[in-house]
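**Student:** Quick one: sequence and predicted model below, then my questions.
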Amino acid sequence: MKLDELQRRFAQALHDAAAAQALFGASAHGASAYANNTLFNRADALAEAYPIVRQLVGEDFFGGMARAHARTTPSRSGDLNRYGDGFAEFIRDFPPAQDIPFLADAARLDWLCHLAYYAEDSPPFDLARLARVPAEQHGSLYLQLAPSANLLRSPWPIASLWLAHQPEGGDFPSPDQGGEMALAWRNPRNRVQVRRLMPADHAFLSACARQLPLAEALECAMDEDMEFDFGLSLQQWLHDQVIVDFNESPPP
Amino acid sequence: MHTSLPLAAGLGLRLPHIREVIDSRPTVAWFEVHPENYFGGGANLAALHRVRADYPLSLHGVGMGLGSAVGLDAEHLARFRGLIDALEPASISEHLCWNRTGEECYNDLLPLPYSTAALDFMVEQLGRAQDALGRPLLIENLSSYVSLVDDAIPEGEFLAELSRRSGCGLLLDLNNLHVNEHNLGRSAHAALAALPLQAVGEIHIAGFEERDDGLWLDTHGTPVREAVWDLLDAALARFGPLPVLLERDTKLPPLAELLQETGRAQAALDRLGVRP
C-alpha cells in the first residue's frame, strides 16, 4: 500500500472500526488510543488558550464545549499552541452557551492574549533613529505596533471583565454597562496585559495597525475626541512597548 | 558524534518547573525540552535562555511528523531552526512517526509501517529535515498501539537501516520498547541487539499507564517501572555510557521527586564507572 493511502486509511480508522480491523488486524483495539489522544490534546490546548472562558463556565462545561469543538475542527499545525483560533465563533453558535451572551467576546480576548503570549519578541523602539527624522516629516511616518499587540471592540465591558478575572482583581462589571475597546499585548516584563482604551486611543492604534501614516491616524483619533493628548498617549505606548518601530515609507 | 550531551543523566524540563530550576539551579547534568513550547518569543523563551546559560540543553521535537506522506512543514522546520540558532543546543531530536494528512494534523506520534517503502521515504524526508535544521537529528523509536498490515521489517533493523542511510543518530526509548513488547509482542531485547553500537546517541526512560482493557499507554505519567530500569542496565551494558533522560509529561510531581528519580539513572551510569 502506498504511504499516502495508508495514512488516509489510518486517519479513517480512528473513527471506523471496520477500517481499523482491515488496517491493524488483531491490534485494532489500539486505534481508540489515538482517537482519544487527538481529541484530548486539542481540548487541553483550548483549556490553556481560553482561561477566562473556562472560569466563566466552569471546568465541566468547558471540557464538553472544547471536545465538541475539537471533534469538528481539525488542527492544521504540529504546534498545538496554534489550535483554537475559531473557538469564539464556535461558542457564539453553540446552543448550550447562549446563556452567557458575552462569552464569545471573552473568547476573542482570551485568544488575543494567547497570541500575545507566544508572539515574536521585538527590540524596543529606537528613539535615536526617530530623532534623526526631521520634525516636519513625522506626519508621514508609519508607526508599528508590537507583534503581540491586538485590538478588540466589543458591545460588552470586555476589558473590565478580563481585569476582574486577574489575581490582582478589579470589580466585576455589570454586563449591561456598555461596550468597551480593549488592547491586549505583552509588556516589557513579558507579561500579557489587557487595557481598556478610550475611543481616541483605539482609533489611533487601529489606524496604525491598518498601516495609515501618523497624520491620518491622528485625524482618526481627533474624530473621536478633539482633546486627544497625542504626546501623553505616545509616551505611554512607547514605554509599554505597544508601539515598537516606525517606517518612513508604506510597509509592503 | 550526533550530540555533545554529557554522558550523564538529564531531566525532561516542563514549563511548570522552569521557574524553580532557574531559582534553585538543581544538580542535574542537562535538560531536555520540547521546542514547540518555545516557538515565538516571550516569557517561555526568556526562561529557557536562562536555563541554557547554566545547563546543556536538548531540543526534543514532538510536532514535526517527519514521515507524513504529505511532506514536511517548512514553517515548522524554520521555527525549529530559529531555536537551534538562538540556543545552540547540545542535541536535537525527533520521532520516527507521522502526524498529518493534507486535511488534518493529529498532534500525536503516529506509527509508520516498517516497510521498505516507508524506510525509503523516511530516509528522504530525514535528509531534507537535517538540511533545513543544519545538523543531524537523533530519531526516537515509538511506542505504538497498533501493528500495521504492511509491517515487514523488525523494528530494530528498521532503525539501524534508517541511521545507516540517513546519517541520523538514534534516540533509544526503553519504555517504548517495553510498552511495545506488551502491546504488540515485539521483543525489546531483540530490538536492542539489532541496533548498531555507534548509532545510539541518547536513551529515554519514562513511565506508562494501563488502560482498562489491558492496553499500555505511553503517557509518561508515572515513575519508571522496574522492568525499564532493568532494560537500562542492559542497554548501558551493550552501548556503553550514554546521555540518559528521564521523561515525565503528565501528572507532574514536585521537581524534587523527578530529581531523585534522575539520580537513580545517574547511579546506573555510575555503576559503569562513568563520571558525569
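**Tutor:** All right, it came through fine.
**Student:** which residue does the stretch 151-252 of chain A bring closest to chain B?
**Tutor:** Nearest residue of the stretch 151-252 of chain A to chain B: residue A:190, at 4.2 Å (Cβ to the nearest Cβ). C-betas here are computed from N, CA, C, even on glycine.
**Student:** Residue B:42 is in contact with that residue, correct?
**Tutor:** Yes - the criterion here is Cβ atoms under 8 Å, and residue A:190 meets it with residue B:42 at 5.4 Å.
**Student:** Can you tell me the number of residues neighbouring the residue nearest to residue A:30 when sequence neighbours are not counted?
**Tutor:** Closest residue to residue A:30 apart from its sequence neighbours, by Cβ to Cβ, 6 or more residues apart in numbering or on different chains: residue B:145 at 3.1 Å. Taking other Cβ atoms under 10 Å in any protein chain shown as the criterion, the count of residues near residue B:145 is 27.
**Student:** Please pull up the helix or strand immediately following the helix ranked longest in chain A.
**Tutor:** Across chain A, the longest stretch assigned as helix under DSSP state H is helix A:31-49. The helix or strand immediately downstream of helix A:31-49 is helix A:51-57, counting by DSSP states H and E.
**Student:** Which strands or helices does that next one pack on?
**Tutor:** In terms of contacts (3 or more Cβ pairs under 8 Å, 6 or more residues apart in numbering or on different chains; DSSP states H and E), helix A:51-57 is packed against helix A:59-72, helix A:103-118.
**Student:** Give me the contact status of the first one with chain B.
**Tutor:** It refers to helix A:59-72. No - if you take Cβ under 8 Å from any Cβ of the partner chain as the test, helix A:59-72 misses chain B, and the best it gets is 10.3 Å.
**Student:** Quick check: which helices or strands does that helix pack against?
**Tutor:** Counting contacts by 3+ Cβ pairs under 8 Å, 6+ apart, helix A:59-72 packs against helix A:31-49, helix A:51-57, helix A:87-92.
**Student:** Export those helices as JSON lines, with columns for mean neighbour count and mean pLDDT.
**Tutor:** As requested, those are arranged in JSON lines below (neighbours: other Cβ atoms under 10 Å in any protein chain shown; pLDDT from 0 to 100):
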{"stretch": "helix A:31-49", "mean neighbour count": "19", "mean pLDDT": "97"}
{"stretch": "helix A:51-57", "mean neighbour count": "20", "mean pLDDT": "97"}
{"stretch": "helix A:87-92", "mean neighbour count": "20", "mean pLDDT": "98"}
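**Student:** In TSV: those helices, plus distance to residue B:248.
**Tutor:** Below are the helices and strands packed on helix A:59-72 laid out as TSV (distance: least, Cβ to Cβ, whole Å):
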stretch	distance to residue B:248
helix A:31-49	16
helix A:51-57	24
helix A:87-92	29
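**Student:** For chain A, give me the ranges with low pLDDT.
**Tutor:** Along chain A, no part satisfies pLDDT under 70.
**Student:** on that earlier part again, got a list of contacts for the longest helix of chain A?
**Tutor:** A:13-15, A:20, A:24, A:54, A:62-63, A:66-67, A:69-71, A:73, A:75, A:80-81, A:83-84, A:87, A:110-111, A:114, B:106-108, B:110, B:145-146, B:211, B:215, B:217 (Cβ atoms under 8 Å, 6 or more residues apart in numbering or on different chains).
**Student:** Tell me who's in contact with residue A:113.
**Tutor:** If you count contacts by Cβ under 8 Å, 6+ apart, then residue A:113 has A:162, A:184, A:192, A:194 around it.
**Student:** hang on, the second one packs against residue A:192?
**Tutor:** I take that to be residue A:184. Yes - the pair residue A:184 and residue A:192 qualifies as a contact (Cβ under 8 Å) at a distance of 6.8 Å.
**Student:** Among those two, which residue is more densely surrounded?
**Tutor:** A count of neighbours by other Cβ under 10 Å puts residue A:184 above the other of residue A:184 and residue A:192, at 25 against 19.
**Student:** so the more buried one is in which element?
**Tutor:** Assigned by DSSP H and E, residue A:184 belongs to strand A:180-186.
**Student:** Flag every buried residue along that strand.
**Tutor:** A:180, A:181, A:182, A:183, A:184, A:185, A:186 (16 or more other Cβ atoms under 10 Å in any protein chain shown).
**Student:** Reformat those residues as CSV; add distance to residue B:255.
**Tutor:** Listed next are the buried residues of strand A:180-186 as CSV, based on distance: Cβ to Cβ, whole Å:
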residue, distance to residue B:255
A:180, 41
A:181, 42
A:182, 36
A:183, 36
A:184, 31
A:185, 31
A:186, 27
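**Student:** can you narrow the residues you listed to ones near chain B?
**Tutor:** Subset of those in contact with chain B: residue A:186, counting by Cβ under 8 Å from any Cβ.
**Student:** OK, contacts around the residue nearest in space to the middle of chain A?
**Tutor:** In chain A, the residue lying closest to the centroid (Cα atoms, centre = their mean) is residue A:112, at 1.8 Å. Residues near residue A:112 by Cβ under 8 Å, 6+ apart: A:150, A:152, A:182, A:184.
**Student:** 6 Å instead?
**Tutor:** A:150, A:184 (Cβ atoms under 6 Å, 6 or more residues apart in numbering or on different chains).
**Student:** can you check residue B:196 too?
**Tutor:** Applying Cβ under 6 Å, 6+ apart, the residues contacting residue B:196 are residue B:160.
**Student:** for it, helix, strand, or coil?
**Tutor:** Under DSSP: H, G, I helix; E, B strand; the rest coil, the three-state class of residue B:196 is coil.
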